[in-house]
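J.: Here is a sequence together with a model predicted from it:
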Amino acid sequence: MNDVEAAVTRAHRAEWARVVAALTRRFGDLDVAEEATAEAFAVAVERWPADGVPPNPGAWLTTTAQRKAIDRIRRESKRDDKHKEAQVLSGDDPPEPPGAIGDDRLRLIFTCCHPALAMDARVALTLRMVGGLTMPEIARGFLVAEATMGQRITRAKAKIKAAGIPYRVPSAQDLPARVNGVLTVLFLVFNEGYLATGPGADPVRHDLTAEAIRLTRLIHTLLPEDGEVTGLLALMLLTEARRTARVSASGELVALDEQDRGAWDTALIAEGHRLVRERLVSGVAPGRYQVLAAINAVHTSARDMRDTDWSQILALYDQLVRLDPSPVVALNRAIAVAELDGPQVALAAVDRLGDKLAGYHAFHATRADLLRRLHRGKEARAAYDRAIELAGNSAETAALTRRRDRLR
């Protein structure tokens with residue numbers, strides 16, 4: 001890849017979502033916006049090697065995409081109303097007022113998380129348009145097939161078009177109705193950065209985790225009394241605090257029980273614990289993110305894995321199961337059960353999840369570890385093999401391979 005192609009790639013990451021969202025608001029058609037943006041980037045790849053990278057790549061891409069959109073609308077003779085609109089658009093219009101949200105990226109996320117769409121659809125669509133995740137990454141985040149996720153996004157676009165849902169910047173009064181979807185988007189972006197799922201990807205993507213934390217901090221400023229906003233921020237901080245200890249010098253993922261706790265970021269841990277305590281003293285029943293943050297607070301309070309208060313963690317997971325009875329939560333709960341009641345009890349709980357998590361690598365990795373502890377080496381090896389087959393990146397594969405190869 002030459003320097004110009006690399007510059008186009010960087011611009012794609014930084015500008016794609018912004019250009020698509022801007023054109024969607026302008027023309028009211030997400031398909032036109034995406035097609036015009038794709039055409040603009042294609043022109044950039046063709047012309048920048050000869051003409052040089054423009055001083056402001058984002059502005060160049062926006063202008064080119066807008067012209068492509070106008071050309072496309074003009075060519076579609078059956079869309080007379082869009083044609084008239086395109087004729088009066090010159091690109092010299094004053095920028096849309098920012099409303100209650102000053103940050104461009106966060107404003108776009110709130111704009112895209114329209115409450116008229118089902119939660120899964122609005123989250124997936126926003127991740128695609130603004131979150132910077134690819135379709136395979138989004139599908140893995142939802143534990144569904146890529147084709148299934150593609151259909152959800154297509155249906156969401158069709159509903160926007162059929163219902164005439166406007167892409168307007170939300171007011172301060174609109175934020176509470178949209179914040180749950182926004183938090184889900186940021187949680188999934190953070191998760192992809194915490195442990196990238198794509199093959200060949202860096203195991204930890206600090207660009208994604210840092211941006212998710214930055215945006216969540218902004219929401220916390222906007223909605224300081226929202227417990228779930230506080231909970232998600234605490235969860236992110238306590239997770240991010242362990243980042244430097246999670247990958248070894250050889251590029252292998254390091255499990256929690258093997259991490260050097262002296263390498264954890266004490267400042268982030270202190271801030272995360274403060275936020276958790278803040279929610280505990282509020283007296284308000286916690287939501288999902290608050291309970292997850294509390295679980296991480298227990299883990300990061302222990303100086304050693306042996307000091308972990310597993311009974312408290314299990315009690316928190318029991319609370320979380322009532323809020324979020326998903327198979328992934330049940331799988332994580334079983335890990336705590338193994339520490340208190342033994343691997344045999346935990347394995348029985350894990351095996352009951354097989355039908356729902358058969359394609360999830362962590363399910364097989366958890367089974368493999370429990371089988372290893374039960375000295376069922378042949379079954380453990382088969383489970384490790386399946387986990388390795390499904391694992392998302394080389395660091396995770398290396399860790400699973402090492403554990404498998406230590407089996408007798």
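T.: That came through, no problem. Numbers count the residues shown, from 1 in each chain.

J.: so how far is residue 186 from residue 367?
T.: From residue 367 over to residue 186 the distance is 31 Å, taken as Cβ to Cβ, to the nearest Å. Heads up, the C-betas are built off the backbone N, CA and C, glycines and all.

J.: Tell me how many other residues crowd residue 376.
T.: If you count neighbours by other Cβ atoms under 10 Å, residue 376 ends up with 17.

J.: what's the answer for residue 157, then?
T.: When neighbours are defined as other Cβ under 10 Å, residue 157 has 20 of them.

J.: distance of it from residue 149?
T.: Between residue 157 and residue 149 the computed distance is 13 Å (Cβ to Cβ).

J.: swap in residue 392?
T.: Separation of residue 392 from residue 149 (Cβ to Cβ) stands at 16 Å.

J.: now do residue 355
T.: 20 Å.

J.: These two: which is more packed in?
T.: residue 149 (22 against 8).

J.: The more buried one sits in which helix or strand?
T.: Per DSSP states H and E, residue 149 falls inside helix 146-163.

J.: moving C-terminal of that helix, what's the next helix or strand?
T.: Toward the C-terminus from helix 146-163 - assigned by DSSP H and E - lies helix 175-194.

J.: Can I get the very next helix or strand once past that following helix as CSV, trimmed to CA atoms?
T.: Going down the chain from helix 175-194, the next helix or strand is helix 206-222, by DSSP H and E. Only the C-alpha atoms of helix 206-222 are listed here, as CSV (Å, rounded to 0.1, in the frame of the first residue of the first chain):
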residue,chain,number,x,y,z
HIS,A,206,-7.0,1.4,22.0
ASP,A,207,-8.4,3.7,19.5
LEU,A,208,-11.9,2.2,20.0
THR,A,209,-11.8,1.9,23.7
ALA,A,210,-10.4,5.4,24.2
GLU,A,211,-13.1,6.9,21.9
ALA,A,212,-15.9,5.0,23.7
ILE,A,213,-14.7,6.2,27.0
ARG,A,214,-14.4,9.8,25.7
LEU,A,215,-18.0,9.8,24.4
THR,A,216,-19.3,8.1,27.6
ARG,A,217,-17.7,10.8,29.7
LEU,A,218,-19.5,13.4,27.6
ILE,A,219,-22.8,11.7,28.1
HIS,A,220,-22.1,11.6,31.8
THR,A,221,-21.7,15.3,31.7
LEU,A,222,-25.0,15.7,29.8
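
J.: Residue 391 versus residue 381, what's the distance?
T.: 15 Å.

J.: And those two? Which one has more around it.
T.: residue 391 (22 against 16).

J.: How many residues are close by residue 362?
T.: Around residue 362 there are 17 other residues, counting by other Cβ under 10 Å.

J.: so after the helix or strand that contains it, what's the next helix or strand?
T.: Assigned by DSSP H and E, residue 362 belongs to helix 361-373. Going down the chain from helix 361-373, the next helix or strand is helix 377-390, by DSSP H and E.

J.: so what's residue 276 closest to, chain neighbours aside?
T.: residue 297 (4.6 Å; Cβ to Cβ, 6 or more residues apart in numbering).

J.: residues contacting that neighbour?
T.: Residue 297 is in contact with 234, 238, 272-273, 276, counting by Cβ atoms under 8 Å, 6 or more residues apart in numbering.

J.: Now, the residues you listed that are in helices?
T.: Cross-referencing the contacts of residue 297 against helices under DSSP state H gives 234, 238, 272-273, 276.

J.: Now flag whichever of those residues is closest to residue 305.
T.: Nearest to residue 305 among the ones in helices among the contacts of residue 297: residue 238, at 16.1 Å, using Cβ to Cβ.

J.: how much space between residue 160 and residue 112?
T.: 10 Å.

J.: Which one of these two is surrounded by more residues?
T.: Using other Cβ under 10 Å as the criterion, residue 160 and residue 112 rank with residue 112 on top: 29 against 24.

J.: hang on, the earlier thing: alpha carbons only: can I get the helix holding residue 149 in CSV?
T.: Extracted C-alpha coordinates of helix 146-163, given in CSV (Å, rounded to 0.1, in the frame of the first residue of the first chain):
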residue,chain,number,x,y,z
GLU,A,146,-23.4,-11.8,9.1
ALA,A,147,-26.3,-12.3,6.6
THR,A,148,-28.7,-12.0,9.5
MET,A,149,-27.2,-8.7,10.6
GLY,A,150,-27.2,-7.4,7.0
GLN,A,151,-30.9,-8.2,6.8
ARG,A,152,-31.6,-6.3,10.0
ILE,A,153,-29.8,-3.2,8.8
THR,A,154,-31.5,-3.4,5.4
ARG,A,155,-34.9,-3.6,7.1
ALA,A,156,-34.0,-0.6,9.3
LYS,A,157,-33.1,1.4,6.3
ALA,A,158,-36.4,0.4,4.6
LYS,A,159,-38.4,1.5,7.6
ILE,A,160,-36.6,4.9,7.7
LYS,A,161,-37.5,5.4,4.1
ALA,A,162,-41.1,4.1,4.3
ALA,A,163,-42.0,6.0,7.5
